[in-house]
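Peer 1: structure for this input, please:
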Amino acid sequence: MDADQARIRNIIDMAFGFSAMTRVFKEKSTEKTVNKLNKALSQITYLTNDKEFADFHDGFCRWFTRETWTAERKKGGKIFKKSGHASYGQGAKVLDVALKVYVYYCHLPDPETAERITQWLNSAIDTKMMKYLKKGPDKEAKSITATAIEDVNKRTYVILQKLVLKDIERKFPTRILPVQWDDIKWRELNNKDKKNQNC
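Peer 2: Prediction:
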């Protein structure tokens with residue numbers, strides 16, 4: 001492994017840790033996903049438009065739902081959630097966080113490609129952001145029945161990303177990007193929880 005490969009592997013590990021997903025998946029599934037992410041990140045240089053990016057993103061998420069298994073979850077020694085296929089939403093979150101760190105934060109694989117790809121990046125929506133979006137005034141917000149990222153299918157994921165764009169239009173007149181929206185919302189929603197705990 002050379003320095004560039006080590007850097008990419010560290011970025012993937014950071015993204016996985018930041019997305020809080022490693023504990024959710026079976027160990028072998030995590031290894032498979034890391035290898036797939038490594039391959040996916042090497043392909044983004046060749047994406048030339050938002051349609052190609054959307055196809056690339058969807059392809060990864062579909063692969064993820066087929067190949068990735070969630071870990072069995074126990075509480076008090078008893079199983080409360082059996083192992084099963086991961087959801088589209090979980091795959092999207094893993095990919096969205098990895099792309100955010102690799103492209104938006106680290107400006108990889110090179111500054112020119114990163115600038116092009118950043119425009120197409122989706123928000124890495126977590127459960128708190130989803131709860132926030134579901135409270136919005138839009139008709140689509142009321143149609144979302146998922147309560148956690150593990151419940152998010154492709155249709156719900158697409159609706160959530162549309163709701164992000166609508167929230168940007170309403171609240172950010174300078175027209176920030178979806179990847180910037182999730183930075184802002186993540187801090188806002190997590191700081192709100194900290195303040196509530198201190199009360």
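
Peer 1: rest of the way, CA atoms for contacts and neighbours
Peer 2: OK.

Peer 1: domain boundaries for this protein, per the record?
Peer 2: Listed domain ranges for the chain are 1-121, 123-199 (source: automatic domain parsing).

Peer 1: mean pLDDT and mean neighbour count added to these, as a markdown table?
Peer 2: Formatted as a markdown table, the domains of the chain follow (pLDDT from 0 to 100; neighbours: other CA atoms under 10 Å):
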| stretch | mean pLDDT | mean neighbour count |
| --- | --- | --- |
| domain 1-121 | 84 | 17 |
| domain 123-199 | 89 | 15 |
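
Peer 1: wait, is residue 121 part of a helix?
Peer 2: No: using DSSP: H, G, I helix; E, B strand; the rest coil, the assignment for residue 121 is coil, not a helix.

Peer 1: excluding chain neighbours, what is closest to it?
Peer 2: Computed as CA to CA, 6 or more residues apart in numbering, the closest residue to residue 121 that is not its neighbour in sequence is residue 179, at 6.0 Å.

Peer 1: quick check: which element contains the one you found?
Peer 2: Counting by DSSP states H and E, the element that carries residue 179 is helix 178-198.

Peer 1: following the helix or strand hosting residue 28, which helix or strand comes up?
Peer 2: Taking DSSP H and E as the definition, residue 28 sits inside helix 27-43. Per DSSP H and E, the first helix or strand lying C-terminal to helix 27-43 is helix 50-67.

Peer 1: show me what that next one is in contact with.
Peer 2: 29, 33, 40, 44, 47, 85-89, 91-92, 95, 120 (CA atoms under 8 Å, 6 or more residues apart in numbering).

Peer 1: which one of those residues sits closest to residue 166?
Peer 2: Closest approach to residue 166 among those (CA to CA): residue 120, at 15.7 Å.

Peer 1: how near is residue 97 to residue 138?
Peer 2: Going from residue 97 to residue 138 by CA to CA, to the nearest Å gives 26 Å.
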